[in-house]
Structures are given as C-alpha cells and as structure tokens.
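Student: sequence and predicted structure are below.
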Amino acid sequence: MMSIKKLLNRSLIITVLLACNGLLQAEQVVIQGDYELHYNTFPSTFLSKEIANTYQITRSKNRGILSISVMDKSGEEPKAVEADITIEAKNLVHQSKDIKLIKIKEQDEAIYYLGTFALNNEENVNFSIEAKPTGSDTVFQVKFTREFFTD
C-alpha cells in the first residue's frame, strides 16, 4: 500500500512542476465527511511521452486533461477509492466538451480518473463534477471554471 507520505510527495511534485511551468491552476480539494475529492486540469503536453503512450492519451497543445481522485480518510491512513463520476463541461458559448474518463488503478493502490478534452486558446471551460464514492452515501457536486492557453 502506498503510504500517505508517498501520495503527498507525488502530488506535491506534480503540483510544483506544473506551477513552475505556469501551466496549472492549483489542485483543488473538497472535503465531505470522511472523503476528499481531488481534481485538477492541465494541458496534455505536460505528460511524458511514456505516460501518454501507456494510457493511450494524445499529447497536443489543443488537448486538456481533467484528473480526479477520491480518498477515504476514515482509516488510519487515507485510502484511494473508486467512485461513480459524471462530468459535464461546456465553454462560454455552451458548446459541450466530450470527456470520457478512464480509471487508472496502480499496483501501489492509487486510483484516479483521467479524461481528455479538446480546447482552444484563451478558452474558458465550465466543469461540473458529480462523484459518489463506491459504497458511500456521500455525493460530491463541484463546479469550477478554467481558462486555457495553447499558444
């Protein structure tokens, strides 16, 4: 099992690297009871070629990535859990963004969901996330807007 220290280090490293590149809004966390919902968006070009190939993700300046994970904090150490997640994303002229999430479950028990979407330079995208951790009555409903720059 991945220790909380490793999880925090991985999250910290990704956040610092992205922030240094000026490409990222800070990772967001919403807490409800014993659960945390972590979400983030970033350009697909941030991913290494190896990671993109492994998960069959197209790297392009015109592709964004939405990352979501859910943690159960009821035990001694936080634990990644699966969740039922629905996403709605639209730009300011109400054009829908097609986002199909893929679940990634790593051997160290990390679980996260990645979805890619098309984007244009200086495009604002309104995201609406609904996530229900498996086996829980907790339902997260999160709305946020991000502006993307491709040039």
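Tutor: That came through, no problem.
Student: what helix or strand does the residue nearest the centre of the chain sit in?
Tutor: The centre of the chain sits closest to S67, judged by CA atoms, centre = their mean, with a distance of 1.3 Å. Per DSSP states H and E, S67 falls inside strand 63-72.
Student: any idea of the pLDDT on D108?
Tutor: With respect to pLDDT, D108 has a value of 74.
Student: that one: how many residues sit nearby?
Tutor: Neighbours of D108 under the rule other CB atoms under 10 Å: 12. The C-beta positions use only the backbone N, C-alpha and C, and glycine is treated the same way.
Student: tell me the helices and strands packed up against the strand holding S67.
Tutor: Judged by 3 or more CB pairs under 8 Å, 6 or more residues apart in numbering; DSSP states H and E, strand 63-72 is in contact with strand 35-43, strand 79-81, strand 83-91, strand 111-118, strand 123-133, strand 140-148.
Student: to D98, which of those strands lies closest?
Tutor: Ranking the helices and strands packed on strand 63-72 by proximity to D98 (CB to CB) places strand 111-118 first, at 6.6 Å.
Student: Y35 is in contact with G75, isn't it?
Tutor: No - Y35 is not in contact with G75 according to CB atoms under 8 Å; the separation is 12.0 Å.
Student: comparing those two, which residue is more hemmed in?
Tutor: Comparing Y35 with G75 by other CB under 10 Å, the one with more neighbours is Y35, at 22 against 8.
Student: separation between that one and I102?
Tutor: Y35 is 21 Å from I102, where distance means CB to CB, to the nearest Å.
Student: same check on T54?
Tutor: For T54 relative to I102 (CB to CB), the value is 11 Å.
Student: tell me the residue in this structure that is farthest from the middle.
Tutor: Max radial position in the chain (CA atoms, centre = their mean) goes to E76, at 24.5 Å.
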